[in-house]
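*Asks:* Sequence first, then the predicted structure, then my questions.
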Amino acid sequence: MTQTELFQVHQSPHGTSYESRLAHGQEIQTGIISRPPMPAPASFSDHIPDTGKKVLPPFARNSNTSREAAVEKYKRGDARSQRERIFEFIRKSADTGATRTEIHYALDLEGDTIRPRVKELLGEAKGFTTTRIRRNGETRLTKSGLNAEVLTVI
C-alpha cells in the first residue's frame, strides 16, 4: 500500500489527522502509533560511500547534528580503521617518521581523532598495552612555527 492509500484507509480516532502524523514519520497500525527508524535525508545519501556496511551508526532520531555525525563516522570508518590508517601512514614515512600535523594533512583527519589513535598506538591509552609506534625524540616545526614530535614505527 502506498502512503496515500494508507491515508484513505486509516482515519485518526484522536482528532489528529493521519496526514499530520505521516508528516512526522509516524505510522498507524490498529490504533497504535509506532515510529519507524528515520531514513537519512536524501541530501545525505549522495555522500555515503559504499563500504559494505548496511546501516548508519546509532544517532539521536530528532537531531540533524547527530545524524550528520553518524554519516561522517560512516564515511571515515570506525576507530580501528582510523588507527590502522594512521599506523600505515607512519610506517610508510619510514625513518623520517611523521608528526600529528602531517598525519592531519595527509589523511584528512581532525586532531580530535588523531590524538586518541596515536595514544593507542603508543600503548598509553586505557586498554592498549601493545606499543606499535614510538616518539623518536626529534621534533619538526609546524606551519605555525611550533615544535611537533616525530612518531616512528617500532
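*Replies:* Cool, the structure landed.

*Asks:* Counting neighbours, what do you get for the residue lying closest to residue 147 once chain neighbours are set aside?
*Replies:* Nearest residue to residue 147, sequence neighbours excluded (Cβ to Cβ, 6 or more residues apart in numbering): residue 139, at 4.0 Å. From N, CA and C alone the C-beta is placed, and that goes for glycine too. Neighbour count of residue 139, defined by other Cβ atoms under 10 Å: 13.

*Asks:* Quick check: which element contains residue 139?
*Replies:* Assigned by DSSP states H and E, residue 139 falls within strand 133-141.

*Asks:* what pairs with that strand, and is each one parallel or antiparallel?
*Replies:* Paired strands of strand 133-141, with direction, are strand 147-153 (antiparallel) (DSSP bridges).

*Asks:* Could you check the partner strand and say which residues are buried?
*Replies:* Residues 148, 150-153 are the ones in strand 147-153 that count as buried (16 or more other Cβ atoms under 10 Å).

*Asks:* which one among those residues gets closest to residue 91?
*Replies:* Checking the buried residues of strand 147-153 against residue 91 with Cβ to Cβ, the nearest one is residue 153 at 4.7 Å.

*Asks:* For the closest residue to that closest one other than its chain neighbours, give its distance to residue 70.
*Replies:* Distances taken as Cβ to Cβ, 6+ apart place residue 91 nearest to residue 153, at 4.7 Å, with adjacent residues excluded. Going from residue 91 to residue 70 by Cβ to Cβ, to the nearest Å gives 30 Å.
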